Structure formats: C-alpha cells, structure tokens
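> what's the 3D shape of this:
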Amino acid sequence: MAEIRSENGGKSTVQNTIPYLCMYQDGVCQVSENFFSLTVQFYDANYSIAEFEEQNNIFSKYCDIINLFDNTIKFQLTFENQNRSKAKLVKTVQIPEQDDDFNAIRKEYSEMLTDKLLKGSNGQSARKFLTFGIESTSYKAARAKLMSIKNDVIKGFKAFGVDAEVLDGRQRLEALYYALNPYRNAPFIFDWDSMLRAGMDTKDFICPPSIKFNKADFEIGNAYGAVWGMNILAGELPDEILKDFLEMQNLFCVNIHVDPLDQIDALKFVKRSSRMWSR
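Reported below is the predicted structural model:
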C-alpha cells in the first residue's frame, strides 16, 4: 500500500488502489509503465467424465498451452466464483438454434442445463481466465505481440475441444467489477463514449465504495475477505483439487501466478531441488 500511495502522489483513493494504469477497448491492459497484459476466458473440458486415456490427453494439451510461454511472458490462471445476475448465468448455457431439424433437442438440453444451473449455483458462476503479460516500450508494440500469443493460446484450447475467447476491454472491466463488488446487486453499466464525455476513468466504473486493509483481513464495500498464499509441497495432489475449492458455494478465487524460467535456469533449479530432497 505504501508503494501504491507513493506512485500516486500520496493520494489514498479507492481508484488508486486498483493496480493498473489504462484499459484499452481491445482488451489490452497497461498494468505499469512498461508492462501490458491480455486475458483469455476458457470454458470446461469434459475431464471428469472422460476415460483415463482421454484425461491424460487433456492434461497433455493443457501442458502444451503452458509451454507456449517462454521466459519473457508472465502469466496467471484465475479460477473464480462470482455473483452474477441469473439472466446472464442462464444466457451462458443456452444453445442457439440453427437451421436444421434438431432445435427441439437443443431446447430440451438448454432447459436441462438451466434447471441444473439455477438449482446448484445460488447465483454464482465459476469463471476461468488465463492472463498473460509482457514487457514493452509502447502499447502498439505490446498489442502486436499479445495478439499473436492470444491466437496460439486459443488454438491450443480448441485442439482438445475447449472453447476460449479473448476478453475485450469492457469484458475485462466487467470481470473486475464483479470481483471488486462481490455482494453488490447493481449490474455493471459501462460505455466508452459516455466515459470519455464525462471525463471519467475506467476505474470509476468498477471500484467498490470503499477498501480497508486490516491486519488479518480486508473490507471491500459491505464484504469482508482474506488472502492466503500456499506453497503446496505434497508429493501427490488429486486432479480435482480446484473443483473442490470452487464447489464450496462461497465467493472464492484461486490465482496461480507463474514466472517462467529460462530453460538453463530451470534445469539448474531442478538439480538444486533434487540435491536438497536427497539430503
């Protein structure tokens, strides 16, 4: 917090607490002077109901996506339960009609998914994001590289049947709005032209009424929260650990931050770790 205040001339406002400089309409976010990021939202793979060999194949494809990032690209995986309007939740599972003879089946399946969603979600939806960022001297140079990376990432997801899409600026702001206002009933309302005419900043549309940091927790609007970091040193983890977290029926967010290592540095790290464990 001291660093954030110093960067903003000592002004302690809620807007200044949100750590980015500029959100562009195409979804590129300028996080700091020389760091830019982009977010891809991805959806479910049929992992839990797949056969063992197919599960291995899905896991292998996920690894291929992770291996797209070299040591110049930082990225994080975000798995988050958010409170969203029921109308928007229902819209996410509706199957659009097509010009064929199977619309009756699509309608029946959509109704089944809607019924299941409304019974179990309690107005919450789990969203999955992959955010990646690079160092760059300008927005224009960063955009060209980020869009190239984005194309490879989406191809990687589609290789094993997972839908993925890049979030534009408005969609990224909406995701931040629901994260920063977990129990606020008002829907996200935003328009680029209105913002510019009013002389406002994107942060004005997503910030909560207040943020207060206490010793062991924080207050955000009318909600209380806490942040916990974990070093998982278990020799074996169940492959459904994230699913177990997100099924707690609470507003819960898991962030996995990754700083890729150069291949030579990675090999040195593995060798050092193996020697430590052998002792």
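
> Run a quick neighbour tally on Val166.
19 (other C-beta atoms under 10 Å). For every residue, glycine as well, the C-beta is placed using N, CA and C.

> what ranges do the strands span in this structure?
With DSSP state E as the criterion, the chain has strands at 22-23, 29-32, 35-42, 73-83, 124-135, 164-166, 211-213, 218-220, 223-225, 253-258.

> Between these, which one is closest to Phe245.
Closest to Phe245 of the strands of the chain is strand 253-258 (C-beta to C-beta; 5.6 Å).

> circling back: out of the strands of the chain, deepest packed?
strand 35-42 (a mean of 22; mean count of other C-beta atoms under 10 Å).

> Just name whatever secondary elements that one is in contact with.
strand 29-32, strand 124-135, helix 139-158, strand 164-166, helix 169-180 (3 or more C-beta pairs under 8 Å, 6 or more residues apart in numbering; DSSP states H and E).

> Mean pLDDT and distance to Phe42 added to the ones you listed, as TSV?
Below are those laid out as TSV (pLDDT from 0 to 100; distance: least, C-beta to C-beta, whole Å):
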stretch	mean pLDDT	distance to Phe42
strand 29-32	95	18
strand 124-135	85	5
helix 139-158	94	5
strand 164-166	93	4
helix 169-180	92	13
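
> Next, format the ones you listed as JSON lines and append distance to Asn81.
JSON lines is the format used below for the helices and strands packed on strand 35-42 (distance: least, C-beta to C-beta, whole Å):
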{"stretch": "strand 29-32", "distance to Asn81": "22"}
{"stretch": "strand 124-135", "distance to Asn81": "5"}
{"stretch": "helix 139-158", "distance to Asn81": "21"}
{"stretch": "strand 164-166", "distance to Asn81": "20"}
{"stretch": "helix 169-180", "distance to Asn81": "10"}
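
> Ok, which of the ones you listed comes nearest Phe75?
That would be strand 124-135 among the helices and strands packed on strand 35-42, by C-beta to C-beta, at 3.9 Å.

> and the strands of the chain as JSON lines, adding distance to Leu196?
Converted to JSON lines, the strands of the chain look like this (distance: least, C-beta to C-beta, whole Å):
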{"stretch": "strand 22-23", "distance to Leu196": "13"}
{"stretch": "strand 29-32", "distance to Leu196": "17"}
{"stretch": "strand 35-42", "distance to Leu196": "21"}
{"stretch": "strand 73-83", "distance to Leu196": "27"}
{"stretch": "strand 124-135", "distance to Leu196": "25"}
{"stretch": "strand 164-166", "distance to Leu196": "23"}
{"stretch": "strand 211-213", "distance to Leu196": "26"}
{"stretch": "strand 218-220", "distance to Leu196": "28"}
{"stretch": "strand 223-225", "distance to Leu196": "31"}
{"stretch": "strand 253-258", "distance to Leu196": "31"}
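
> Could you pull up phi and psi at Gln98?
Dihedral pair for Gln98: phi -130, psi 170, per degrees, to the nearest 10.

> Just give the nearest non-adjacent residue to it, would you?
Arg106 (7.6 Å; C-beta to C-beta, 6 or more residues apart in numbering).

> thinking the one you found is in contact with Ile95, fair?
Yes - the criterion here is C-beta atoms under 8 Å, and Arg106 meets it with Ile95 at 4.4 Å.

> one step back: indicate which one of the helices and strands packed on strand 35-42 is closest to Lys203.
Nearest of the helices and strands packed on strand 35-42 (C-beta to C-beta): helix 169-180, 9.0 Å.

> Might you report the residue contacts of the nearest residue to Ser37 once chain neighbours are set aside?
Spatially, and ignoring its direct neighbours in sequence, Ser37 is nearest to Gly133 (3.5 Å; C-beta to C-beta, 6+ apart). For Gly133, the contacting residues are 31, 35-38, 73-75, 146, by C-beta atoms under 8 Å, 6 or more residues apart in numbering.

> ok, how many other residues are close to Leu21?
14.

> which residues touch the spatially closest residue to it that is not a sequence neighbour?
Leaving out its chain neighbours, the residue that sits closest to Leu21 by C-beta to C-beta, 6+ apart is Gln30, at 4.6 Å. Going by C-beta under 8 Å, 6+ apart, Gln30 touches 20-24, 36, 139, 142.
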